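1. what would the 3D arrangement of this be:
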Amino acid sequence: MIGQLCNTNTFVEFVSTGPNLSILFRSRSHFPSQGFKATFMFQDESEFGGNLDGPSIVPPCQQWIKSDTSKNDSFTTPGYPKPYPANFHCVYHFTARGRERIQILFSDFNLYIPSEDIKDCAGPVDAVMVFITINGQKERLNNFCGNVLPPQLMSNGPSMSVEFKSYQTPSNLRGFRAIYRFVTNFGITAGEQDPQQVCGFIFNSTKRTNGTFTSPNYPGLYPRATECHYFFYGRKSERLTLMFAYFDVEGVSPCTTDLASDFVEFSNFRTVDRKIPRYCGGKKPKIIESDGDFFRVAFKSNSKFDGTGFEAFYQFRNYVDPLTVKRISGIERLAPWKIDMIPVLMMFALILIVP
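-> A predicted model of the protein is given here:
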């Protein structure tokens, strides 16, 4: 599975991993709806990765970086590590396939900035701008300038672009160097990836009883418009305990969609468990324990804001029914001769009941 859509979406793009693509439509609700309309296009591999709408400008340097060509490498300002030229515009286009996402990590960053008071790197200042596609529109993810290393970034879909602009300002600075990766695991290295989910990971106590798991692209900014699920399977005698070491998920309590909130949600079942509230904002959830041997954690981000996400510790523990402990404790408080008489009394009770 490379993608999944429900509710309301517009202009969402998918790129197949090969010459074939299968689309399944499933209706489960009790109410009808309008459905969907989509367009498709077969594109030769030699043309794959171009801008279908055509660039509005043709900058002096333009690079197309496709996952078919290289899964990971680096890209830099012109002439790096020598000083970059003035009055220059360079665009780096990244195109992935399937459920691949583009991950960018800056390893060096040093651009000319006339004043430290410049906010949001706006105005005529040397800067790097990162763009993603939301609902078919090119949206700016963020601007970066000066010498502060940008956070690790990730696309929300199969395309992403990075633009570098310099102005007629004196500069003896080297610019930037960044590493790119086309990843299918959303930057999540824990657990086993579920092939039936776009972003799903399975944690089984038979393989590991404790460990950590994170939001996508952690410790960088999590991608927008992304949903990930974490499934925990324990033995029948086990329960799951979760403890969050870090939590930064954009949103306002009660973390609902109408409040434009990203959120983390928990469930003892495969569907939503309403007794456990959603969590968002900067306050870490308290220690969470499952009611049974199965537990699910869901992370969902919208298309408006982003944050660093979360890091959590999980542990499967043997479960002892407190009622059983209480009964055993009550028996242990009996006199020794009374404890010895328990099997005899039980047998006598069976004799009375069984004809």
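2. just give the nearest non-adjacent residue to Cys231, would you?
-> Rather than Cys, residue 231 is Phe. Excluding the flanking residues, the one nearest Phe231 by C-beta to C-beta, 6 or more residues apart in numbering is Ile202, at 5.0 Å. (C-beta placed from N, C-alpha, C; glycine too.)
3. surely the one you found touches Glu192?
-> Yes: Ile202 is within contact range of Glu192, at 4.7 Å (criterion: C-beta atoms under 8 Å).
4. helix/strand/coil for Ser161?
-> Counting by DSSP: H, G, I helix; E, B strand; the rest coil, the backbone at Ser161 sits in strand.
5. burial measure for it, as a count.
-> Number of residues near Ser161 (other C-beta atoms under 10 Å) recorded here: 23.
6. one more: the one 10 residues further on?
-> Using other C-beta under 10 Å as the criterion, Ser171 is surrounded by 17 other residues.
7. and what of the one 3 residues further on?
-> Residues near Arg174, counting by other C-beta under 10 Å, number 18.
8. residue contacts, it?
-> Neighbour list for Arg174: Thr77, Tyr80, Pro81, Lys82, Pro83, Tyr84, Asp108, Asn110 [criterion: C-beta atoms under 8 Å, 6 or more residues apart in numbering].
9. most neighbours, which of those?
-> Counting neighbours by other C-beta under 10 Å, Thr77 comes out on top of the contacts of Arg174 with 27 neighbours.
10. would you check that that one makes contact with Cys90?
-> Yes: with contacts counted by C-beta under 8 Å, Thr77 reaches Cys90, the gap being 7.2 Å.
11. joint contacts of these two?
-> Residues touching both Thr77 and Cys90 by C-beta under 8 Å, 6+ apart: Phe164.
12. so the residue nearest the centre of the chain: helix, strand or coil?
-> Nearest to the mean C-alpha position of the chain, by C-alpha atoms, centre = their mean, lies Pro216 at 2.8 Å. Recorded secondary structure, Pro216: coil (three-state DSSP).
13. Thr271 now?
-> Assigned by three-state DSSP, the conformation of Thr271 is coil.
14. what does the pLDDT read for Lys283?
-> pLDDT, Lys283: 89.
15. tell me the contacts of it?
-> By C-beta under 8 Å, 6+ apart, the contact list for Lys283 reads Phe247.
16. shift numbering so it begins at 892
-> OK, 892 is where the count begins now, so the last one is Lys1174.
17. now it: how far from Pro1168?
-> To Pro1168, Lys1174 is 12 Å away according to C-beta to C-beta, to the nearest Å.
18. returning to that earlier point: strand partners (parallel or antiparallel) of the helix or strand where the residue nearest to Phe1122 lies?
-> Assigned by DSSP states H and E, Ile1093 belongs to strand 1091-1095. With DSSP bridges as the test, strand 1091-1095 is paired with strand 1083-1084 (antiparallel), strand 1118-1124 (parallel).
19. hmm, who's touching it?
-> Applying C-beta under 8 Å, 6+ apart, the contact partners of strand 1091-1095 are 1079, 1081-1085, 1102, 1104, 1119-1124, 1205.
20. top of the residues you listed by neighbour count?
-> Top of the contacts of strand 1091-1095 by neighbour number is Tyr1121, holding 26 neighbours under the definition other C-beta under 10 Å.
21. and for that one, nearest residue in space, chain neighbours not counted?
-> The shortest distance from Tyr1121 to any non-neighbouring residue, by C-beta to C-beta, 6+ apart, is to Val1188 (4.2 Å).
22. what's the neighbour count on that neighbour?
-> Val1188: 22 neighbours (other C-beta under 10 Å).
23. the strand or helix carrying it pairs with which strands?
-> Applying DSSP H and E as the criterion places Val1188 in strand 1185-1191. For strand 1185-1191, the paired strands and their directions (DSSP bridges) read strand 1118-1124 (antiparallel), strand 1154-1158 (antiparallel).
24. using CSV, lay out these together with mean pLDDT and distance to Thr1199.
-> Below are these laid out as CSV (pLDDT from 0 to 100; distance: least, C-beta to C-beta, whole Å):
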stretch, mean pLDDT, distance to Thr1199
strand 1118-1124, 96, 15
strand 1154-1158, 94, 13
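25. and those as a markdown table, adding distance to Met1020?
-> Listed next are the strands paired with strand 1185-1191 as a markdown table, based on distance: least, C-beta to C-beta, whole Å:
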| stretch | distance to Met1020 |
| --- | --- |
| strand 1118-1124 | 26 |
| strand 1154-1158 | 28 |
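26. bridging residues for the nearest residue to Gly1082 once chain neighbours are set aside?
-> Once flanking residues are discounted, Gly1082 sits nearest to Phe1092: 3.6 Å by C-beta to C-beta, 6+ apart. With DSSP bridges as the criterion, Phe1092 is bridged to Gln1084, Tyr1121.
27. what count of nearby residues applies to Phe1092?
-> By other C-beta under 10 Å, neighbour count at Phe1092 equals 21.
28. same thing with the one 5 residues further on?
-> The local packing count at Thr1097 equals 9, with neighbours defined by other C-beta under 10 Å.
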